[in-house]
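Chemist: Have a look; sequence and predicted model below, questions after that.
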Amino acid sequence: MLKFVGKRLLMMIPVLLGISFVLFAIVEFTPGDPAQLILGEGATREEIEELREEMGLNDNFFVRYVRYVVDAVQGNFGTSYRTGKSVVDEVLPRFPVTLRLAFFGIAGAVIIGIPIGIISAVKQYSKLDMVCTITALTLTSIPTFWLGLMLMLLFALKLGWLPATNVENWTGYILPCVTLTAGTMAMILRMTRSTMLETIRQDYIRTARAKGASTRRIVFKHALRNALLPVITYVGMTFGIQLGGTVIIESVFSVPGMGSLMITSIRMKDSPVLMASVLLAAFCAGLVNLFVDILYSYIDPRIKSQYVKG
Amino acid sequence: MEKKKLLEIRNLHVQYKTDEAIVHAVNGVDLCVDEGETLGLVGETGAGKTTTALTIMGLLPERVGQVTEGELYLNGVDVIHAPEGQLKMMRGATASMIFQDPMTSLNPVIPVGDQILEVLELHKKDKMSHSEMEARVDQILEMVGIPAARKTEYPHQFSGGMKQRVVIAIALACEPLLLLADEPTTALDVTIQAQVLEMMRTLKKELNTAMVLITHDLGVVARICDRVGIMYAGEVVEIGTVEDIYTGEKHHPYTTGLFGAIPDLTKKTRRLNPIDGLMPDPTRLPSGCKFHDRCPHCMEICKTAPPQDITEGSHTIKCHLYDKEVQK
């Protein structure tokens, strides 16, 4: 198992290299001159040329890419073109904000979505199931930004219970997290319900019933572990993506997270910041994926035996 | 000494109700099984064999499957009207069931030992300590021919025949009075079939368990069963001892057809000799005798009046052909 984890961690190196290369090439092909950007509109041609030379922008593409990678490995991601601060200082304070948002958003979705999905499946076609299914369908159909704005109108403007935008203390996280939870929760609910329904029709569930097991025992001991695999994949993927920033929610609630940082840096052609944030997002997604795979192997012995063999 | 009746089914009717149609799966089945006896149930796919077995276990699919008529007593318990709690006590302890496909009958994420242990935990908790139960798991695994050391392994580490042995171990762990085996060997290859059947026969004798063996295979029935019931379109058309069915002279035309369909290895025949036609659609059953449109001896009365059971000793046939003999 340890060998498997080590192998997977090593495999992340080529993945990150690949991503950085593609990213570097895209930035290269987009129009705009960093030297011009830093010096502003009033700079003369000589000044720009001088700065370009100084920054090494006149070198060959591959030379610059290798230089970037070598620097990055040593923890130097350059300085922001926009603010002149070190990229690490730009990105790091924002990451915990996004992490909190994504974590509580997912946690809420899992805590609400999975149990309700199970109940919904076990009591298929009951009134409760109808209500849950319709609610879930509604929530998945509502655009996130609209839901966010409505919640903001209600709780911040009308009732004045919660702040609309400030994430200085925890109350500011409630609205963005709830908005984020709503959509994910609805998806998790629907997935749990459908995989659960599929699982409780399996032959081994009938075997368990023939043993005299109660419905509760069948659901929790026999069906749940089998039904949760696809749900875990979905949760892992969504969490991985959200760690890279939840752009819409961050813009609606003006949350200073990774998503808004990425958008700003794209708009301002602040390529060092962009590169670093995308790489961080990719790294997180890779870690979450690895974690999900390890979790998988504990749930399903068939998968574990594949890992151990390989 | 007369043997005690373990299972009594009288005039059982079961329907599956779906949005499109009502499927008449079982239409008036009468059966009884004595303690320690083995009854074979033979018939085509869709004859209602599995549905009968599921009804005995109280395991008809919820909402869809319904008993519309009839009585069913298992060891004195009225299964059709018993509350779920009582059925739970019964399943696995009084009666247990072996399902057709061992590949899917075991939970893939639970070690096989724990799956056997579970049935003991559910029924013998007050009588056995945990270590006694563990010992019983080892013992029953050895009985079905699997080394006890393999109990921590998962189902995917076993072959099909081994899995079916585990399923049998689960079914026999609590020494039930009745074992329902629903085509236990159909999914296995022929050599494994023989082994599994031989094992089931030995275990049955050791534990004195009664068994209902559902199968397509008349050869298997001849080897294991005491009595045989032939099912067609949800009815038992003929029932009797193995001798009655295999060597007797009078038969239901369907039974004759079934035996006629077995190829004879000693004769040169170019084609198999099947029964013409198909099983009737269970949503629209024919009037009168349900076999009449395929029957080579069909008479006018067969098309209108359902035949009655005609009993001679241990042998019962449901056919108009023998009506006159009774009147004589």
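Modeler: On my side now, so go ahead. Keep in mind that what you see is a predicted model, and the values were worked out from it rather than measured.

Chemist: and A:Gly148, what are its phi and psi?
Modeler: The phi/psi pair for A:Gly148 (degrees, to the nearest 10) reads phi -60, psi -50.

Chemist: measure it to A:Ile118 for me?
Modeler: A:Gly148 sits 28 Å away from A:Ile118, going by C-beta to C-beta, to the nearest Å. The way it works is simple: take the backbone N, C-alpha and C, and place the C-beta from them, glycine included.

Chemist: what does B:Ile98 give?
Modeler: According to C-beta to C-beta, B:Ile98 stands 29 Å off from A:Ile118.

Chemist: Can you get me the centre-to-centre distance for stretch B:247-264 and its chain?
Modeler: From the chain centre to the centre of stretch B:247-264 is a distance of 20 Å (C-alpha atoms, centre = their mean, to the nearest Å).

Chemist: what's the first-to-last distance across that stretch?
Modeler: 16 Å (C-alpha to C-alpha, to the nearest Å).

Chemist: buried ones in that stretch?
Modeler: Of all the residues in stretch B:247-264, those buried under the rule 16 or more other C-beta atoms under 10 Å in any protein chain shown are B:248, B:250-258.

Chemist: Contacts for that stretch next, please.
Modeler: Stretch B:247-264 has contacts (C-beta atoms under 8 Å, 6 or more residues apart in numbering or on different chains) with B:42, B:218, B:230, B:232, B:237-238, B:240, B:245, B:269, B:272-275, B:291, B:294-297, B:312, B:315, B:317-319, B:321-322.

Chemist: quick revisit: quick one: which of the buried residues of stretch B:247-264 is nearest to chain A?
Modeler: Checking the buried residues of stretch B:247-264 against chain A by C-beta to the nearest C-beta gives B:Leu258 as the nearest, at 27.9 Å.

Chemist: State the mean pLDDT of the helix or strand containing the closest one.
Modeler: Following DSSP states H and E, the helix or strand that holds B:Leu258 is helix B:253-260. Across helix B:253-260, pLDDT averages out at 87.

Chemist: C-terminal to it, what's the next element?
Modeler: Past helix B:253-260, the next helix or strand by DSSP H and E is helix B:300-304.

Chemist: got a list of what residue 289 touches?
Modeler: I went with chain A, as the question did not name one. So A:Asn289 contacts A:236-237, A:240 (C-beta under 8 Å, 6+ apart).

Chemist: my question was about chain B
Modeler: B:Cys289 sits next to B:295, B:298, B:302-303, B:305-307, B:318-320 when contact means C-beta under 8 Å, 6+ apart.

Chemist: Any quick PyMOL command for the buried ones out of those residues?
Modeler: The PyMOL command for the buried members of these (criterion: 16+ other C-beta under 10 Å) is given here:
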select buried, chain B and resi 295+298+302+307+318+319+320
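
Chemist: Quick check: chain neighbours aside, which residue is closest to A:Ile19?
Modeler: A:Ala282 (5.0 Å; C-beta to C-beta, 6 or more residues apart in numbering or on different chains).

Chemist: just A:Met196 next, same as before
Modeler: Of all residues not flanking A:Met196 in the chain, A:Ala121 sits nearest, at 3.6 Å (C-beta to C-beta, 6+ apart).

Chemist: Turn the buried residues of stretch B:247-264 into a markdown table, columns for distance to A:Asp300.
Modeler: Below are the buried residues of stretch B:247-264 laid out as a markdown table (distance: C-beta to C-beta, whole Å):
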| residue | distance to A:Asp300 |
| --- | --- |
| B:Gly248 | 53 |
| B:Lys250 | 56 |
| B:His251 | 52 |
| B:His252 | 50 |
| B:Pro253 | 52 |
| B:Tyr254 | 47 |
| B:Thr255 | 47 |
| B:Thr256 | 51 |
| B:Gly257 | 48 |
| B:Leu258 | 44 |
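
Chemist: Can you report how many residues lie near residue 35?
Modeler: You didn't pick a chain, so chain A it is. Counted with other C-beta atoms under 10 Å in any protein chain shown, residues neighbouring A:Ala35 total 19.

Chemist: To clarify, I was referring to chain B.
Modeler: 15.

Chemist: separation between it and chain A?
Modeler: B:Glu35 sits 21 Å away from chain A, going by C-beta to the nearest C-beta, to the nearest Å.

Chemist: again with B:Arg150
Modeler: Between B:Arg150 and chain A the computed distance is 14 Å (C-beta to the nearest C-beta).

Chemist: Next up, the contacts around that residue.
Modeler: With C-beta under 8 Å, 6+ apart as the criterion, the residues that contact B:Arg150 are B:112, B:141, B:157-158.

Chemist: out of everything not next to it in sequence, what's closest to the residue of the stretch 151-300 of chain B found nearest chain A?
Modeler: Chain A sits closest to B:Tyr154 of the stretch 151-300 of chain B, with a gap of 4.3 Å, by C-beta to the nearest C-beta. In space, and not counting its chain neighbours, B:Tyr154 is closest to A:Pro301: 4.3 Å by C-beta to C-beta, 6+ apart.
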